[in-house]
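S.K.: Need the 3D shape of this:
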Amino acid sequence: MRHFMIALLLGAATPALAQQAEPVPPIQLNQLGFETFGPKRAIVVTDAAAPQDWVLLDARGKTVASGKTIPFGPDKASGKTVQAIDVSSFHTAGGGYRLRVGAFESRAFAIQPRSRMALRLDALHFFYHQRAGVPVEAQFAGATWARPAGHAKEIVTCVSGADPRGTVWPSCPYSLDVTGGWYDAGDQGKYVVNGGIAVWTLLNAWEREHRAGKTWLFADGSMKIPESGNHVDDLLDEARYELEFLLSMQVPDGTRLKLPVGKQPPWTPPSPGMPPGPPPPLALPTLDVDAGGMAHHKVADRNWTKLPTPPAEDREERILFPPTTAATLNLAAVTAQCARIWKGIDDAFAERCLAASERAWAAARRNPEVFALAAFTGSGGYGDRELSDEFYWAAAELFATTGKAEYLDFVRASPWWEKPVQEPNWGGTATLGTLTLALTRALPEADRAHVDAAILEAADRFLEDSAKTGYHLPYDPPGWPWGSTSSMLNRAIVLAYAHDAAKAPKYREGVVDVIDYLLGRNSIDQSFVSGYGARPLSNPHHRFWAHSLDPKLPGPPPGVLSGGPNSTSTGADPVGARLAGHCAPMACYADDIQAFALNEVAINWNAPLVWVAAWLDATEGASAH
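M.R.: Just a heads-up that it's a prediction; the model follows:
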């Protein structure tokens, strides 16, 4: 009934909303099924208060397991009354299984080993599809998704002129060749701050698995990309494509620029299709600073491109935004990580990364309060008014790579050394530094124990949320934010680190709960990953994967993650605005290309999907039931 009412409220809009209006089956589970020896949890929506009988049927309809459901009751996140079905004790691989509770029967599903192997590689292949500067070729992407190069020779200078705030920005005395890198999301901007966490997550997945001896996960030739066959793991090749772009965004040494210094009250530029609000005036001193070694914040369109616009057809003016401290610290962190990983693989590249990292660190220390304030409206702002977490992250990466005492001293003196670990995001990066310190074991022994304890405390806190939620999710925020799927995945990464430290099965089960949610164990019966499940993501907010607007264009390739339900910003886009007030947090979603607050895709969202799918494959059977 809820979905029927939402359909009426939204009108007969799009195929995506028609899909949401389809009846939601009362039994919801991972639409791919379960791993053989891991946890197997499903949810049944029922008003019954007492435990219900469940049976597991094989492909021939024979009962192969049975038990009682576990009542939960009303669940505030979903707006449903639910009970859980736990089939974890059943270990026979096969296909065509179904769960039955009373008159309700689930879809068919499989139980099999390595159930996420294809997902790991498809999620990683997303980044090849997002490449700028080169054609996406049919031999690597498939004919459906092949396209000409977007922004094939991107030589740009700094933005100049007045922004919507009325601030006049001077140009700079140079141009940079910033060809390449990944398009950030459904738009065609390229952002250093978001590129940083996305690259870090991929490289951390590689580093963690190699330290664990799981070298097969991203081996050379495991993907179809132009660099396959070069004797370097394919994940490293893909990450390097973005690293080269990030390096190109660094300000030349000896450059002096006029930049606003200090904090300014925040202002969010209007999103496409939304009425502009009056921006506050920029009231900061503009100082002539030594900007050498800093990183430009982003390169993007001056004005939003319309939907759809394939990258090669983007005719908007491209502009290089001023350098910021946040972008500089992102560059310092990931190039320090690069120097550690490429040592022995490509020593010249490792040395280049380390030199860039230490230049960026010095530049950020000289210019600690240069914020993202250029308010042009053709790209995401990625403004961040708290940079102590970025300083901590960069210092942790530099210490893990160099072992220099100055970086360790900075880490220990940071407030983030004592603050609780949280799930990371592009604007909250301290946890990335803590995870690196835990992984590399570069710290003195007493400090290692401190870091491990902080990770375990956070993981236990996340698991406490599982007991509070009807869908057994290690996630219970007061409101579901923009990119909620990535928030869950980043929590799952912390849980995985806790499992590595303590080997307790409960942490791995929490990670499985997250992936099960993403693949259909949710109140709207939605797989938020394209190409996976009975009701996969089909209409992301994307300017090229825009089949619903132009039949000549494709839908998304498999392995693309939607940002997912968003109950805190439902008014940001026209689809979400019509849902506002009519959806429980988990149901504030529409698989609609116009729903950019609910259904965009992004590099920093797909990266943790790669990490989690790979980690689950690598640890399958190690400590499961």
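S.K.: shaky segments in the chain?
M.R.: 1-21, 265-281, 283, 622-625 (pLDDT under 70).
S.K.: Mind doing that once more with 80?
M.R.: Counting by pLDDT under 80, the chain has low-confidence residues at 1-22, 115, 264-285, 621-625.
S.K.: Need the single longest helix in it, by residues.
M.R.: helix 445-468 (DSSP state H).
S.K.: What's the first helix or strand after that one?
M.R.: Using DSSP states H and E, the helix or strand that follows helix 445-468 in sequence is helix 484-502.
S.K.: Show me how far that following helix is from its chain's centre.
M.R.: Mean C-alpha position of helix 484-502 versus that of the full chain (C-alpha atoms, centre = their mean, to the nearest Å) differs by 13 Å.
S.K.: For that helix, which helices and strands make contact with it?
M.R.: In terms of contacts (3 or more C-beta pairs under 8 Å, 6 or more residues apart in numbering; DSSP states H and E), helix 484-502 is packed against helix 430-440, helix 445-468, helix 505-518, helix 603-619. Every residue, glycine included, has its C-beta placed from N, CA and C.
S.K.: Identify, out of those helices, the most deeply packed stretch.
M.R.: helix 603-619 (a mean of 26; mean count of other C-beta atoms under 10 Å).
S.K.: re the thing from before, which helices and strands does the longest helix of the chain pack with?
M.R.: Using 3+ C-beta pairs under 8 Å, 6+ apart, the elements in contact with helix 445-468 are helix 430-440, helix 484-502, helix 505-518.
S.K.: give me that answer again for 6 Å
M.R.: Under the contact criterion of 3 or more C-beta pairs under 6 Å, 6 or more residues apart in numbering; DSSP states H and E, helix 445-468 touches helix 430-440, helix 484-502.
S.K.: and the angle from that helix to helix 505-518?
M.R.: Relative orientation of helix 445-468 and helix 505-518, computed by axes from the mean of the first three to the mean of the last three C-alpha atoms, to 10 degrees: 50 degrees.
S.K.: Need the contact partners of helix 445-468.
M.R.: For helix 445-468, the external contacting residues (C-beta atoms under 6 Å, 6 or more residues apart in numbering) are 421, 434, 437-438, 472, 474-476, 491, 494-495, 497-498, 501, 507, 510.
S.K.: repeat that with 8 Å
M.R.: Applying C-beta atoms under 8 Å, 6 or more residues apart in numbering, the contact partners of helix 445-468 are 412, 417, 420-423, 434-435, 437-438, 441, 443, 472-476, 491, 494-495, 497-498, 501-502, 506-507, 510, 513.
S.K.: Give me the buried subset of those.
M.R.: With burial judged by 16 or more other C-beta atoms under 10 Å, the buried subset of those is 417, 421-423, 434-435, 437-438, 443, 472-476, 491, 494-495, 497-498, 501-502, 506-507, 510, 513.
S.K.: Could I have the CA atoms of the longest helix of the chain written out in PDB?
M.R.: The C-alpha trace of helix 445-468 is given here as PDB (Å, rounded to 0.1, in the frame of the first residue of the first chain):
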ATOM      1  CA  GLU A 445      53.800  -1.500  20.100                       C
ATOM      2  CA  ALA A 446      51.900   0.500  22.700                       C
ATOM      3  CA  ASP A 447      50.500   2.700  20.000                       C
ATOM      4  CA  ARG A 448      49.400  -0.200  18.000                       C
ATOM      5  CA  ALA A 449      47.300  -1.400  20.900                       C
ATOM      6  CA  HIS A 450      45.700   2.100  21.200                       C
ATOM      7  CA  VAL A 451      44.700   2.000  17.500                       C
ATOM      8  CA  ASP A 452      43.400  -1.600  17.600                       C
ATOM      9  CA  ALA A 453      41.300  -0.700  20.700                       C
ATOM     10  CA  ALA A 454      39.800   2.300  18.900                       C
ATOM     11  CA  ILE A 455      38.800   0.300  15.900                       C
ATOM     12  CA  LEU A 456      37.200  -2.500  18.000                       C
ATOM     13  CA  GLU A 457      35.300   0.100  20.100                       C
ATOM     14  CA  ALA A 458      33.800   1.600  16.900                       C
ATOM     15  CA  ALA A 459      33.000  -1.800  15.500                       C
ATOM     16  CA  ASP A 460      31.200  -2.800  18.700                       C
ATOM     17  CA  ARG A 461      29.300   0.500  18.600                       C
ATOM     18  CA  PHE A 462      28.200  -0.300  15.000                       C
ATOM     19  CA  LEU A 463      27.000  -3.800  16.000                       C
ATOM     20  CA  GLU A 464      24.900  -2.300  18.800                       C
ATOM     21  CA  ASP A 465      23.000  -0.600  16.000                       C
ATOM     22  CA  SER A 466      22.200  -4.000  14.500                       C
ATOM     23  CA  ALA A 467      20.200  -5.000  17.500                       C
ATOM     24  CA  LYS A 468      18.200  -1.700  17.300                       C
END
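S.K.: Apart from its neighbours in sequence, what residue is nearest F596?
M.R.: H541 (4.1 Å; C-beta to C-beta, 6 or more residues apart in numbering).
S.K.: nope, S171 is what I meant
M.R.: In space, S171 is closest to S160, 4.0 Å off (C-beta to C-beta, 6+ apart).
S.K.: L124 too?
M.R.: Closest residue in space to L124, ignoring its immediate chain neighbours: V610 at 4.9 Å, by C-beta to C-beta, 6+ apart.
S.K.: next one: W615
M.R.: Closest to W615 by C-beta to C-beta, 6+ apart is A496, at 4.9 Å.
S.K.: and the nearest residue to V136 once chain neighbours are set aside, what is it in contact with?
M.R.: The shortest distance from V136 to any non-neighbouring residue, by C-beta to C-beta, 6+ apart, is to R147 (5.0 Å). Residues near R147 by C-beta under 8 Å, 6+ apart: 135-136, 310-312, 544.
S.K.: picking that back up, make CSV from the helices and strands packed on helix 484-502 and add distance to C172 to it.
M.R.: Conversion of the helices and strands packed on helix 484-502 to CSV gives the following (distance: least, C-beta to C-beta, whole Å):
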stretch, distance to C172
helix 430-440, 30
helix 445-468, 40
helix 505-518, 42
helix 603-619, 26
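S.K.: Ok, which of these comes nearest Q188?
M.R.: Minimum separation from Q188 across the helices and strands packed on helix 484-502 (C-beta to C-beta) falls at helix 603-619, 12.5 Å.
S.K.: ok now the closest one, how far from the chain's centre?
M.R.: With C-alpha atoms, centre = their mean as the basis, helix 603-619 stands 10 Å off its chain's centre.
S.K.: same deal with stretch 373-385?
M.R.: Stretch 373-385 has its C-alpha centroid displaced from the chain centroid by 19 Å (C-alpha atoms, centre = their mean).
S.K.: Stretch 113-128 too?
M.R.: Centroid displacement of stretch 113-128 relative to its chain, using C-alpha atoms, centre = their mean, is 14 Å.
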